[in-house]
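**Student:** kindly generate the corresponding structure for this input.
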Amino acid sequence: MNRGIPTKTHKRMWYQVGVLLVLLKNFVAPSQKSALEEARSLTAPVAEATSGGDLEGSEFWDQHDELLQKARREWGRRYPELYEYTDQFADQFLDEKLVHAIANREKQLLASLFEPVVPGVYRFQLFTPEFCDLLQQELKHHEESGIPQRRPNGMNRFGAILSDLGFAEIMDDMMNLYLIPISRHLFADYVGPNDLVETYPFTVKYKPGQDVKLDPHSDAATVTVNVCLLEQDKDAKVLYFADDREPAIASKAKQFVALSNPGEALIHLGQLRHGIAPIEQERHQLVIWMFGEHDYVRIAKYEPDEVRQHKVLYDLFWKRGVHQEL
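**Tutor:** So this is what the prediction gives:
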């Protein structure tokens, strides 16, 4: 037997093997990158505009939205308890007196929780300091993923759109369970049954070398809630209100308001102009814009008869605990 010379059978076998390798090369797809790897490889547009930047890089974000959402699901969450409203969430993360007033429908207690600081602006405790600390850690967890994040709004360049990160449901629950009753209690002239239906929650950061101020502006919201996440100097003159449409405020150029304790919030009509004076220490705030369906923002007062009708309907909330559609 000649072991050194291939036979016709050997040649035919190797030919078939070669054909099979070619077929495998052509028809078996190479291993694909994960969504997380693909998202990390993207070059996101840099946020530059400090006004009118709402649509900055919009084509990029629209094109890659599905990929970015898949990548975030792959990355996962550090504190899942922040994303869903439960009894434990209320006990651990919300102000005890506020929860009690709403749950037991105690109007007098609710009214006592709000401190008027300038005309049309009220300060109250919404979240616990623990919530603020864990939320900041969660946001840092998302930043460490390497997944691009879109600027929070057209004026602020640094922060996060919370609905992009999975917080839409919890923020809608917060609106429906707490912020609607509060808004209709404080702003009955402007907030009716269908004026607060949707939310746009986001965070903003101010830091030397990044965004250090915010020019006077009104919000794309019927009602705005602004929450302190990072402890501040209570005497610092940073956050101010100045609105020529509010006579009581127009008499002064700026009225500064302290927002210094984590979990402390300001609530006001979105059309009340406000801004941030140049900062000296880092600030981190959670902002919740609330408005009607299809981004409808109410800016006009209701007629007195309409206000009375709304009040009659809304009083049912304090009897039955139901305010949606009332």
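
**Student:** which residues of the stretch 151-300 of the chain score low on pLDDT?
**Tutor:** Scanning the stretch 151-300 of the chain with the threshold set as pLDDT under 70 gives 243-252.

**Student:** which residues sit in contact with the nearest residue to residue 164 once chain neighbours are set aside?
**Tutor:** Spatial nearest neighbour of residue 164, chain neighbours left out: residue 150 (6.6 Å); criterion: C-beta to C-beta, 6 or more residues apart in numbering. Every residue, glycine included, has its C-beta placed from N, CA and C. Residue 150 makes contacts with 57, 61, 161, 164, as judged by C-beta atoms under 8 Å, 6 or more residues apart in numbering.

**Student:** likewise residue 213?
**Tutor:** Per C-beta under 8 Å, 6+ apart, neighbours of residue 213: 206, 275, 276, 277, 278, 279.

**Student:** if we can go back for a sec, narrow the contacts of residue 150 to those in strands?
**Tutor:** residue 161 (DSSP state E).

**Student:** tell me the one of the contacts of residue 150 nearest residue 35?
**Tutor:** Ranked by distance to residue 35 (C-beta to C-beta), these are led by residue 164 at 14.7 Å.

**Student:** how many neighbours does the closest one have?
**Tutor:** Using other C-beta atoms under 10 Å, residue 164 is surrounded by 19 other residues.

**Student:** what's the distance between it and residue 221?
**Tutor:** Relative to residue 221, residue 164 is positioned 18 Å away (C-beta to C-beta, to the nearest Å).

**Student:** follow-up on the earlier one: which of the contacts of residue 213 fall within strands?
**Tutor:** Per DSSP E, the contacts of residue 213 map to strands at 206, 275, 276.

**Student:** returning to what we had before: derive a ChimeraX selection command for the buried subset of the contacts of residue 150.
**Tutor:** Buried subset of those, written as a ChimeraX selection, criterion 16 or more other C-beta atoms under 10 Å:
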select :57,61,161,164
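
**Student:** make TSV out of the contacts of residue 150 and add distance to residue 47.
**Tutor:** Converted to TSV, those look like this (distance: C-beta to C-beta, whole Å):
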residue	distance to residue 47
57	8
61	11
161	12
164	14
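
**Student:** which residues touch the residue nearest to residue 133 when sequence neighbours are not counted?
**Tutor:** Using C-beta to C-beta, 6+ apart and skipping residues adjacent in sequence, the residue nearest residue 133 is residue 262, 7.1 Å away. Going by C-beta under 8 Å, 6+ apart, residue 262 touches 127, 129, 132, 133, 228, 229, 230, 231.

**Student:** would you say residue 262 is within a strand?
**Tutor:** No: counting by DSSP: H, G, I helix; E, B strand; the rest coil, residue 262 is not part of a strand but coil.
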